[in-house]
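Undergrad: Provide a 3D model corresponding to the input given below.
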Amino acid sequence: MTNTRRDLRLPEVYDRPLYLLVADTLRTAIQQGYYPAGGAIPGERRLAGQLKVTRDVVREAVAILAGEGLIVKGGGGAPTTVRATPKRKTVILPSSAVITARMPSPQERVKLGIDPGTAIPIIEVHTEDGAIALYAAHSTAIHASQAG
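TA: Residues are numbered from 1 along each chain as shown. Alright, predicted model coming up:
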């Protein structure tokens with residue numbers, strides 16, 4: 001269920017750079033359902049006016065959220081949309097598995113469905129038999145089995 005839209009407001013006390021506060025405000029609004037998955041967030045000009053900041057500040061905040069994979073920036077005047085939260089796949093690993101995290105290659109991004117430019121690491125799992133499995137961190141929950 002989507003919450004009713006409301007005016008966004010920044011905190012009255014600025015303890016960090018303004019663009020980070022704008023990013024936090026937008027992130028919270030998205031997480032609370034004010035901007036639902038697949039829907040558009042307001043344009044830079046409207047957000048800047050509503051939050052009483054410059055468009056450059058809004059642009060930096062939107063870039064942060066896009067880098068986190070929370071939104072997809074529209075190109076050529078298309079709206080910026082909220083990305084749907086992926087369903088998490090649960091992977092149960094043997095207790096002897098070795099897990100590392102790293103940024104994906106362009107080919108791995110395509111294979112795992114990670115958009116270019118988003119800061120989403122991959123989880124690389126090495127098992128005793130020499131197998132290597134790759135998982136996108138934003139859509140995977142890893143559980144270790146009990147040694148037994």
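
Undergrad: quick one: residue 29 is in a helix?
TA: Yes: applying DSSP: H, G, I helix; E, B strand; the rest coil, one finds residue 29 inside a helix.

Undergrad: what's near enough to touch residue 143?
TA: By Cβ atoms under 8 Å, 6 or more residues apart in numbering, residue 143 lies in contact with 90, 91, 92, 93. C-beta: built from backbone N, CA, C; applies to glycine.

Undergrad: This structure: strands as residue ranges?
TA: Taking DSSP state E as the test, the strands found in the chain are 71-72, 81-82, 89-93, 98-102, 122-126, 132-136, 140-144.

Undergrad: Which of those sits closest to residue 54?
TA: strand 71-72 (19.4 Å; Cβ to Cβ).

Undergrad: Give me the helices and strands touching the closest one, please.
TA: Where contact means 3 or more Cβ pairs under 8 Å, 6 or more residues apart in numbering; DSSP states H and E, strand 71-72 is packed against helix 55-67, strand 81-82.

Undergrad: Sort out which of the contacts of residue 143 are buried, if you could.
TA: Buried residues within these, counting neighbours by 16 or more other Cβ atoms under 10 Å: 91, 93.

Undergrad: what's the burial count for the nearest residue to residue 96 once chain neighbours are set aside?
TA: Nearest non-adjacent residue to residue 96, counting by Cβ to Cβ, 6 or more residues apart in numbering: residue 128, 5.1 Å away. By other Cβ atoms under 10 Å, 9 other residues sit near residue 128.
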